[in-house]
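>>> any chance you can model this:
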Amino acid sequence: MNPNAIATRYDQIALWWQTKHQDSPYGIAQLEQAIKFTSKRHSAIDIGCGSSEKNLLQLIEQLAQS
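Numbering: from 1, shown residues only. Purely as a prediction, here's the structure:
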């Protein structure tokens, strides 16, 4: 496949995903479960998975509470 065609298609899918899931709780329960497995809740790394800040904001909120 053509790399430019792949990039264009990915951009279309990413825009659709963000539009459909921007206000969705999708993934939040899994993130909260993962946080429960940590012993030190004062730092984390965001590996950049996803097209919105929803999970990052949830992570920041959880870290602030600990």
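
>>> when you work out contacts or count neighbours from here on, use the C-alpha atoms and nothing else.
Will do.

>>> quick check: what element follows the biggest helix by length in the chain along the chain?
In the chain, assigned by DSSP state H, the helix with the most residues is helix 3-21. Downstream of helix 3-21, the next assigned helix or strand under DSSP states H and E is helix 28-36.

>>> for that following helix, buried residues please.
residue 35 (16 or more other Cα atoms under 10 Å).

>>> buried set for whatever helix or strand comes next after it?
Next in sequence after helix 28-36, counting helices and strands by DSSP H and E, comes helix 54-65. Counting neighbours by 16+ other Cα under 10 Å, one finds that the buried residues in helix 54-65 are 54, 55, 56, 59.

>>> what bits of the chain have low per-residue confidence?
For the chain, the stretches with pLDDT under 70 are 41-44, 46-52, 66.

>>> do that again at 80, thanks
Counting by pLDDT under 80, the chain has low-confidence residues at 21-22, 26-27, 31, 35, 38-66.

>>> compute the inter-axis angle for the longest helix of the chain and helix 54-65.
Relative orientation of helix 3-21 versus helix 54-65 (axes from the mean of the first three to the mean of the last three Cα atoms, to 10 degrees): 60 degrees.

>>> let me see the contact set for residue 53.
Listed by Cα atoms under 8 Å, 6 or more residues apart in numbering, the contact set of residue 53 is empty.

>>> for residue 36, see how far away it is.
20 Å (Cα to Cα, to the nearest Å).

>>> gap between the longest helix of the chain and the chain center?
Here the centre of helix 3-21 is set off from its chain's centre by 16 Å, with Cα atoms, centre = their mean, to the nearest Å.

>>> against residue 12, how distant is residue 58?
Taking Cα to Cα as the measure, residue 58 falls 26 Å from residue 12.

>>> what's the answer for residue 55, then?
Separation of residue 55 from residue 12 (Cα to Cα) stands at 21 Å.

>>> kindly report the same for residue 2.
Distance from residue 2 to residue 12, by Cα to Cα: 16 Å.

>>> more neighbours: which of these two?
residue 12 (11 against 6; other Cα atoms under 10 Å).

>>> quick one: contacts for that one?
Taking Cα under 8 Å, 6+ apart, we find residue 12 in contact with no residue.
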